[in-house]
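Engineer: Output the structure for:
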Amino acid sequence: HILGAQRAFKIIGIFNRLQRRDGKPHYLHHLPRVWHWVRLNIAAEPMLADIRRFLDQQQLWPTA
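Structural biologist: Next up, the predicted model:
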């Protein structure tokens, strides 16, 4: 679950970079699914509770 969360965050970063730097906004429509993977992995792994708290405090979770 830890590696799954890390991979999903990497994908989110790559898709945002592709949109901003390369002008490819079509990647953004995949983000809700990738954020879903983040949520599943963070919920399944108690060691990621601090990351979940951080995302909650900073209001970084996208609205589902």
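Engineer: Residue 55: neighbour count?
Structural biologist: Look at residue 55: counted by other CB atoms under 10 Å, it has 16 neighbours. Using the backbone N, CA and C atoms, a C-beta is placed for each residue, glycine as well.
Engineer: Excluding sequence neighbours, find me the nearest residue to it.
Structural biologist: residue 61 (5.4 Å; CB to CB, 6 or more residues apart in numbering).
Engineer: The longest helix seen in the chain: how far from the chain's middle?
Structural biologist: When the chain is parsed with DSSP state H, its longest helix is helix 2-20. Chain-centre distance of helix 2-20: 6 Å, with CA atoms, centre = their mean, to the nearest Å.
Engineer: if I pick the nearest residue to residue 15 once chain neighbours are set aside, what's in contact with it?
Structural biologist: Computed as CB to CB, 6+ apart, the closest residue to residue 15 that is not its neighbour in sequence is residue 27, at 4.2 Å. Residue 27 makes contact with 15, 18-19, according to CB atoms under 8 Å, 6 or more residues apart in numbering.
Engineer: Compare those and tell me which is most surrounded.
Structural biologist: The most crowded member of those, judged by other CB under 10 Å, is residue 15 (19 neighbours).
Engineer: Touching, it and residue 28? I think so.
Structural biologist: Yes - shown here, residue 15 and residue 28 form a contact pair, counting by CB atoms under 8 Å, at 6.4 Å.
Engineer: joint contacts of the two?
Structural biologist: By the contact definition CB under 8 Å, 6+ apart, residue 15 and residue 28 are jointly contacted by no residue.
Engineer: Tell me where the model's unsure across the chain.
Structural biologist: Applying pLDDT under 70 to the chain picks out residues 63-64.
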